[in-house]
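>>> What would the 3D arrangement of this be:
(one chain, ligands or ions: 1)
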Amino acid sequence: MQKRFGWVLSLLALAAISCGAKIDPNQIRIGEFGSLTGAQATFGISTDNGIKLAVDEINAAGGINGKTLKVISYDDEGKPEEAAVVVTKLITQDKAQFILGEVASSLSLAAAPIAQQNKVPLISPSSTNPKVTQVGDYIFRVCFIDPFQGQVMADFAMNNLKAKTAVILRDQKSDYSMGLADFFVKRFKEKGGTILLDQSYVAGDIDFKSQLTSIREQKPDVIFVPGYYTEVGLIAKQARELGIMAPLLGGDGWDSSKLYEIGGAALDGCYFSSHYSPESKDPKVQDFVKRYQAKYGQVPDALATLGYDSVGVLAAALKSAKSLSGADVRDALAATKNYPGVTGNISLDANRDAVKPAVVLKISGNKASYVTTVNP
Ligand code: PHE
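The predicted structure is shown next:
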């Protein structure tokens with residue numbers, strides 16, 4: 001008898017699982033997808049840390065209109081196909097009402113159409129390719145976009161480093177890298193610079209010597225490498241091994257503690273653009289750095305900080321929205337103006353993109369230091 005009852009209970013439990021997660025009306029369900037493993041793992045892990053810190057703080061302060069925030073996270077392993085799978089799961093199975101992610105533009109692009117079709121607002125903390133928010137009116141981001149970032153680095157190369165010639169080494173499978181390279185080239189040429197050579201690789205490559213040998217022949221003033229940290233670290237090392245001394249320049253995709261583990265001293269004298277500097281004297285930044293360090297024992301990188309801000313922007317919209325329906329929160333998000341983020345004031349424009357300053361950082365001794373801020 002008892003046995004039979006147990007069996008019925010487990011059937012019931014199974015049914016509950018297959019109908020999706022239990023819905024607690026006092027919780028607001030936020031889905032998160034990111035690269036918690038793989039070649040971009042620090043992106044996903046840092047973002048997750050930032051998101052969890054923000055959610056913990058909001059819940060500790062009483063939640064939002066009496067409800068607590070609940071985050072459901074999945075690892076997409078840095079793979080676009082997997083991003084589409086887990087976002088579908090978040091929406092259909094976990095009944096996520098809002099979604100945060102991804103970092104890499106190609107992964108946001110793989111998942112955003114699913115959120116858009118289901119009218120679930122999605123906020124990318126850090127995808128900078130313009131196409132991401134063009135997927136539709138439910139897709140937002142809290143970071144600047146690559147036409148601006150490319151301009152910042154082209155101007156920096158020409159004005160600060162007095163570069164007249166550049167070569168490009170881009171990742172041809174990455175929407176981010178392809179876009180940022182194009183925007184850099186456009187600006188560099190418009191300002192009278194010359195692009196001597198435009199080379200490419202594919203993420204996962206480990207030997208860049210043939211591209212770098214061609215680059216060496218051109219004797220460029222700077223080398224623009226808009227990739228992610230794993231390949232950039234190897235490229236820097238191999239460039240120095242081949243005797244190339246020109247500085248490498250890059251974008252936000254360089255930001256990872258792993259970059260220095262891989263590239264080491266080869267990165268000294270190189271520069272990249274980013275979303276924030278933990279060295280900022282702004283008390284809001286210093287306060288955040290302290291709270292983050294207390295929880296995780298590390299200085300927050302840009303991903304962690306943007307993850308934190310993405311929750312802040314969502315929470316502000318949840319408070320001001322007419323209801324918690326996807327459509328009402330979408331409208332509230334679209335109206336975001338002057339949200340005081342750690343990465344700067346966040347106002348979303350008509351394309352649902354944030355208009356914000358960028359910082360340029362210089363690497364020396366396995367550390368990136370603040371050089372300058374560029375306003376849009
Ligand atoms: N902007 C990058 C992209 O769109 C992602 C990124 C952001 C990586 C910030 C590192 C830091 O793919």
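>>> is stretch 360-371 up against the ligand anywhere?
No: judged by CB under 6 Å from any ligand atom, stretch 360-371 stays clear of the ligand, getting no closer than 11.6 Å. The way it works is simple: take the backbone N, C-alpha and C, and place the C-beta from them, glycine included.
>>> For that stretch, measure first residue to last.
End-to-end distance of stretch 360-371 (CA to CA, to the nearest Å): 6 Å.
>>> Would you mark the buried spots in that stretch?
Neighbour-count burial for stretch 360-371 flags 360-363, 368, 370 (criterion: 16 or more other CB atoms under 10 Å).
>>> Can you report how many residues neighbour I64?
Residues lying near I64 (other CB atoms under 10 Å) number 18.
>>> Spatially, what comes nearest to it if we skip its sequence neighbours?
L318 (5.0 Å; CB to CB, 6 or more residues apart in numbering).
>>> thinking that neighbour is in contact with L324, fair?
Yes: counting by CB atoms under 8 Å, L318 does reach L324; the two are 6.6 Å apart.
>>> Comparing these two, which residue is more hemmed in?
L318 (23 against 15).
>>> Contact partners for that one?
Contacts for L318 (CB atoms under 8 Å, 6 or more residues apart in numbering) come out as 28, 64-65, 324, 329, 332.
>>> Kindly recompute the last result at 7 Å.
Contacts of L318 were listed using CB atoms under 7 Å, 6 or more residues apart in numbering, and they are 28, 64, 324, 329.
>>> Please enumerate the strands of the stretch 101-250 of the chain.
122-124, 139-141, 165-171, 194-201, 222-224, 248-250 (DSSP state E, counting those that start in this stretch).
>>> from those, which stretch is densest packed?
Stretch with highest mean neighbour count among these: strand 122-124 (a mean of 30; mean count of other CB atoms under 10 Å).
>>> Give the buried residues for stretch 113-131.
With the criterion 16+ other CB under 10 Å, stretch 113-131 contains buried residues 114-116, 118, 120-131.
>>> For these, work out which two are farthest apart.
For the buried residues of stretch 113-131, the maximum inter-member distance is 24.2 Å, found between N118 and T128 (CB to CB).
>>> Start and end of stretch 361-371, how far apart?
Terminal residues of stretch 361-371 lie 5 Å apart, using CA to CA.
>>> Give me the average confidence score over that stretch.
Taken as a whole, stretch 361-371 has an average pLDDT of 97.
>>> circling back: any figure for the gap between the residue nearest to I64 and the ligand?
24 Å (CB to the nearest ligand atom, to the nearest Å).
>>> before we move on, what about A83?
Separation of A83 from the ligand (CB to the nearest ligand atom): 12 Å.
>>> okay, now that residue: neighbour count?
27.
>>> Pretty sure it sits in a helix.
Yes: looking at A83 with DSSP: H, G, I helix; E, B strand; the rest coil, it is inside a helix.
>>> Spit out the contact partners of the residue nearest to V342 when sequence neighbours are not counted.
Take V342 and drop its neighbours on the chain: the residue closest to it by CB to CB, 6+ apart is F288, 4.6 Å away. Each residue near F288 by CB under 7 Å, 6+ apart is listed here: 300, 305, 308, 342.
>>> Show me which residues of the stretch 251-376 of the chain are close to the ligand?
252-253, 255, 302-303.
>>> Rebuild these as JSON lines, extending it with pLDDT and distance to R187.
Shown next, in JSON lines, are those (pLDDT from 0 to 100; distance: CB to CB, whole Å):
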{"residue": "D252", "pLDDT": "98", "distance to R187": "17"}
{"residue": "G253", "pLDDT": "98", "distance to R187": "18"}
{"residue": "D255", "pLDDT": "97", "distance to R187": "21"}
{"residue": "A302", "pLDDT": "98", "distance to R187": "22"}
{"residue": "L303", "pLDDT": "98", "distance to R187": "25"}
